[in-house]
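K.L.:
coordinates only, sequence not included:
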């Protein structure tokens, strides 16, 4: 029988071995983790499940992100790992993360895509057998802080919903959907030169922060939603979505530097959607079975990753995603914020989106997506299934954390 001391020693040695393996090269010093390919690894992936009652069940996934729970019939999208071409990536290790985060707190800030990332991180931590206590912390703002406290490393992993990272106010209750639930309408007054006040207040309390923003800046579609209005220096500005987005990120980076933030700041790059302007996000199921046939006939119905040659099919969406990601990287260059490039790898995974499985789908009932004669149904080609693509984003974060003195 091994003692607790033996177990701790083995875990520490495994972590140190993984750290040494990943030391060369540093992803923040020229090694591009985003240049690579998806490799199927069905024997090792997925690392957890959204289904209840399984040995590796994750209790932190909100219902709309669990495609498994919502009866998605395939599991190809769960079985891929990201493999960089010229870098070494460290796949997430719960004991390793526990070691790095001992007596530390991490904050994730952003929109519902960042919630995707946050819940993926919680699930991967949970794979180590670490139970977290979840509760909310009032901020006197529209959204409270979601906190999961892990006694295993005496720290918390928190989420704060601030879709622009800068200050934004709702124009009307009607345009903003459910006022206390992320994912409603997107009409706001956005103050591109002011950091979200709650973020300013709580940031010093954390040893690490992962920031992210993107899709909410692209919501100016007159006739579909009320357009956002952008402000700076107290006056309304006639800014394009792109210019406002870049200004807002520069404002956040400037604040992180000016406030002498003592923790480690990261920024997760733009998450692409598949479909684009004018492309339908509605579809019907495909009766043809097999990996080479789309699971459903819609904007993101693929059964597996697309390769470089196939990207032409998505040419109406990928340039926009790349342009926003490039603007983010250029804006953050020379600032204290570490850039986590996940846009390119995510562009190759239209199959990883929620599709029609953002809500339960019966396979045999009147709402069955298995019958092409049924009327079309709306799919979500913006958010991601869990387990799935966001797990690779967490691997990118974990790899970068290994190079920080704070986490040694």
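P.N.:
Now that the structure is in, tell me what you want to look at. Keep in mind the model is a prediction, meaning the values are calculated, not measured.
K.L.:
contacts for stretch 395-408?
P.N.:
Residues from elsewhere that reach stretch 395-408, judged by CB atoms under 8 Å, 6 or more residues apart in numbering: 18-19, 22-23, 26-28, 33, 81-82, 88-93, 96-97, 100-101, 104, 121, 207-208, 210, 263-264, 266, 268, 338, 340-342. To be clear about C-beta, it is placed using only N, CA and C from the backbone, and glycine gets the same treatment.
K.L.:
secondary structure class for the residue minimising distance to the centre of the chain?
P.N.:
Taking CA atoms, centre = their mean, the centroid of the chain lies closest to residue 117, which sits 3.2 Å from it. Secondary structure for residue 117, judged by DSSP: H, G, I helix; E, B strand; the rest coil, is helix.
K.L.:
looks like it contacts residue 393 (just checking).
P.N.:
Yes: Residue 117 lies in contact with residue 393 (CB atoms under 8 Å); the separation is 5.4 Å.
K.L.:
now for those two: what residues contact both?
P.N.:
Contact criterion CB under 8 Å, 6+ apart; residues shared by residue 117 and residue 393: residue 268.
K.L.:
just to be sure, residue 244 is in a helix?
P.N.:
Yes: applying three-state DSSP, one finds residue 244 inside a helix.
K.L.:
please tell me I have it right and it contacts residue 190.
P.N.:
Yes: taking CB under 8 Å as the definition, residue 244 is a contact partner of residue 190 at 6.5 Å.
K.L.:
can you list residues touching both of those two?
P.N.:
Between them, residue 244 and residue 190 share the contacting residues 228, 230, judged by CB under 8 Å, 6+ apart.
K.L.:
between those two, who's got more neighbours?
P.N.:
Just comparing residue 244 and residue 190: by other CB atoms under 10 Å the higher neighbour count belongs to residue 190, 26 against 22.
K.L.:
distance check, that one against residue 227.
P.N.:
To residue 227, residue 190 is 11 Å away according to CB to CB, to the nearest Å.
K.L.:
isn't residue 77 right up against residue 351?
P.N.:
Yes: with contact defined as CB under 8 Å, residue 77 reaches residue 351; the gap is 4.9 Å.
K.L.:
identify the contacts common to the two.
P.N.:
Contacts common to residue 77 and residue 351, judged by CB under 8 Å, 6+ apart, are 303-304.
K.L.:
ok, of the contacts of stretch 395-408, which come out buried?
P.N.:
18-19, 22, 27, 33, 81-82, 89-93, 96-97, 100-101, 104, 121, 207-208, 210, 263-264, 266, 268, 338, 340-342 (16 or more other CB atoms under 10 Å).
K.L.:
who's in contact with the residue nearest to the centre of the chain?
P.N.:
Residues counted as contacts of residue 117 (CB under 8 Å, 6+ apart) are 108, 110, 210, 212, 268, 390, 393-394.
K.L.:
which parts of the stretch 101-250 of the chain are helices?
P.N.:
Listed in chain order, the helices of the stretch 101-250 of the chain (DSSP state H, counting those that start in this stretch) span 112-126, 197-202, 241-258.
K.L.:
may I see the buried residues of the first one?
P.N.:
Neighbour counts using 16+ other CB under 10 Å place 112-126 of helix 112-126 among the buried residues.
K.L.:
average pLDDT across it?
P.N.:
What helix 112-126 shows for mean pLDDT is 97.
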